[in-house]
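[1] Here's a sequence, model it:
(chains A and B)
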Amino acid sequence: MALLGQYLVNGIMLGTIYALVAVGFTLFFGVLDVIKFSHGDVLMVGAFAGFTAAMAVAAVGISNPVLQLAASVVFALSVTAALGAAIAKWLILPLKHAPRMNILLVTLMLGTALREAVRLFYPDGSNPKAFPALLPTSALTLGDFTLRADSAILVAAGISVIVGLHLLINRTRLGLAIRAVAQDEETARTMGINYALVVLVTFALGSGIAAVAGVMNGLYYNEVNFGMGLLLGLIGFSAAIIGGLGNLYGAILGGFLFAMLQMLGAVAMPFASAYKDVFAFAVVIALMAWKPTGLIPERASERV
Amino acid sequence: MNQLFSRMPPLAAAALAALLAFVFAVVFMEQESDVAVISLLALGAVAAWGAGRVGLSRRVSAAAATRPGAVAALGGAVALGLLAVFAEDHFPLLMLSTVMLYATVALGLNVQFGYTGVVNFAGAAFFGIGAYTAAELVGRTALPPILVLPLGGLIAAVVGLVLVVPVVRTRGHYAAVVTIAFSVLFKTFLEVNDTLGGPQGLSVAPLSLFGWSFGEGPEILGISASFYLNYALAALAVLALAFVMVRRLERSWIGLSLDAVRLDETASACYGIGIRRSKILAFVVGNLVIGTAGALYGSMLGYIAPTSFTFSDSLILVAIVLLGGMGSPWGTVFAAAIVVILPEKLQAIQEYRFLLFSVVVMAILLFRPEGLLPRAVRRYMPAPKEVAR
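    Got it, this is the predicted structure:
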């Protein structure tokens, strides 16, 4: 029972990270109908930015973990937000009318370029870096079951980011603009919405959220490495797809579903827990066969 | 200047171009220093531009359109000539064979991406299935090893059938995720599966044909050739077979309906083309070609590991297809040569090769999205032999 609880906490933790990544994919798809595959690597850049900031603050002589964490998150957010907006401006908007496959490929290649750039140019970038433990490590023990404070804080932070994004999209003028552009670009333009600006802001927003996920991932595993973005990006993309592209709730659902699948794979197949990713991706493929447009399909009917 | 070659018979122009390409390839392969390689690359680019200026390119493409068989034979002759020149050297032969096998794989992907619009981001996985099939069959059974090649293709196609339902039902990005998931799944599976060697991989016994072992260099005309020559010749045969098959497929009514499915599913369904049938056909045929090349690749290397068949490798394969131009077989072969040889030749940038490579592909997608040698418009009528001018 206690073990099950542990798995559950683990699953919620991972699900939060995956959901944060998937939300980015779905935001970009909403406003531009494109898949930005470099998302996972943007996340990795964010994690490295956060790591650098934490180290820099420590090097200056400030050892207060709260300040370190704040610096880390703020720096990671600003770096990836700028990166996301730059990608949208110089890579994705110019290719807007190109075939979808070209955009997919260009962003895949950008992801490779980012990954390689960090590996080659970050000091000692090819080795994993130990992310400092900035969160309290005290734990709450109930019988065999322990809830570590850092996990609880991470989950709470992740969920509040998701709730904040939900409020931003549904309750603010910016969110209204994003939804308008997602629904119909032409009409949104004629209504006086600055299309290019909304796109750039959306990309900055989605990439910033990825940075949060990156720093969370670093804090949780106490490690960042240049290759961490590839699998996280793939998982986020799969999560966004099984949820149904362009739907915020679908992405969140997909993220938690994927984490649960991984946990299920680890619990249900104790003889072969190494196969948990194989199991999770196999279920993703089966889900796609069953619901070809995701669990919560896009509402717009297909134009002929 | 502009008129210099415009009266040349197309086939003569093609022969001249083939000769130039052959000389260039020989000189290029022999260079060791980075300066020489880079200056030759610049020279090649200028020559290609110049060939366009003096009208040579147009005559060559006219030849490719009117006499495709003869032009393909010229291409084969260039490849054979290269193999003959480098018959004694291991490394150039290995590189040339790799180019030919990658080109074969990209031809298979072309049937999927280029003609039918079926996305497949698991090219390296199907390539790997072929290679692992070869490893298992040669090592554990008494099958005549030459049967291993078609069996590699067959197994890849059969494994691909698992994905047929989701691939056919989904479109666009949703279809992409199916194959991407499969690609990751396949590599993870190989890494954790002990019977297939786990992360260490497997060694593959050399092929043999009628008692002629591929593991030993043949003696031809008193020259003791590298054992890679066997594999290079086999790779050339596989490439030629795939090339002819893909061209035939493209020119047939099947190719026509595959094109129609890619361009507009709804319209082609209205004209009675079976969308599902076309997609399944393209997916299976493509995987068959990819798996066959994979089986030969596995036995050529003699040793295979999961790290050779990752998602990034699938991406490189897709990049070859796009770089050459979707649906253009000649472009595919050309792009495979660039993608395989360039990083090997530029040793100084070895460390930076993935970075440079991704930047180059991005630049091509931004500035020349139709690829290096774009596919020509389909000719609906058989070409009149002499009138085309």
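[2] C-alpha only now, for contacts and for neighbours.
    Fine.
[3] Number of residues surrounding whichever residue of the stretch 51-200 of chain B sits closest to chain A?
    Sorted by distance to chain A under C-alpha to the nearest C-alpha, the residues of the stretch 51-200 of chain B start with B:P166, at 3.9 Å. B:P166: 23 surrounding residues under other C-alpha atoms under 10 Å in any protein chain shown.
[4] Quick check: chain neighbours aside, which residue is closest to it?
    Using C-alpha to C-alpha, 6 or more residues apart in numbering or on different chains and skipping the chain neighbours, the partner closest in space to B:P166 is A:A289 (3.9 Å).
[5] how much space between the one you found and B:A176?
    When C-alpha to C-alpha, to the nearest Å is the yardstick, A:A289 and B:A176 sit 13 Å from each other.
[6] Briefly note if the host helix or strand of B:T188 comes near chain A.
    For B:T188, the host element (DSSP states H and E) is helix B:172-192. Yes. Counting by C-alpha under 8 Å from any C-alpha of the partner chain, chain A is contacted by helix B:172-192 at B:172-174, B:177-178, B:180-182, B:184-186, B:188-189, B:192.
[7] And stretch B:197-211, by the same measure?
    No. Residues of stretch B:197-211 are not located near chain A by C-alpha under 8 Å from any C-alpha, the shortest gap being 11.5 Å.
[8] Can you tell me what sits against that stretch?
    The contact list for stretch B:197-211 (C-alpha atoms under 8 Å, 6 or more residues apart in numbering or on different chains) reads B:132, B:134-136, B:138-139, B:144-146, B:190-192, B:196, B:213-215, B:298-307.
[9] How about stretch B:260-268?
    By C-alpha under 8 Å, 6+ apart, stretch B:260-268 touches A:304, B:115-118, B:257, B:269, B:273-275, B:278.
[10] for the record, mean pLDDT for the helix holding B:T188?
    Mean pLDDT, computed over helix B:172-192, is 87.
[11] list the helices and strands it packs on?
    The contact analysis (3 or more C-alpha pairs under 8 Å, 6 or more residues apart in numbering or on different chains; DSSP states H and E) places helix B:172-192 against helix A:228-243, helix A:276-290, helix B:123-140, helix B:164-169, helix B:311-324.
[12] and the stretch 51-200 of chain A, which residues reach chain B?
    A:91, A:94-95, A:98, A:100, A:102, A:105-106, A:108-110, A:112-113, A:116-117, A:120.
[13] mind redoing it with 6 Å?
    Residues of the stretch 51-200 of chain A lying close to chain B by C-alpha under 6 Å from any C-alpha of the partner chain are A:106, A:109, A:113, A:116.
[14] Now, those that are in helices?
    Per DSSP state H, helices hold the following members of these: A:106, A:109, A:113, A:116.
[15] could I get those residues as CSV with pLDDT?
    Below are those laid out as CSV (pLDDT from 0 to 100):
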residue, pLDDT
A:V106, 88
A:M109, 87
A:A113, 91
A:E116, 89
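[16] just to revisit the earlier point, now the helices and strands packed on helix B:172-192 in CSV, with mean pLDDT?
    Putting the helices and strands packed on helix B:172-192 into CSV (pLDDT from 0 to 100) gives the following:
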stretch, mean pLDDT
helix A:228-243, 89
helix A:276-290, 86
helix B:123-140, 89
helix B:164-169, 89
helix B:311-324, 87
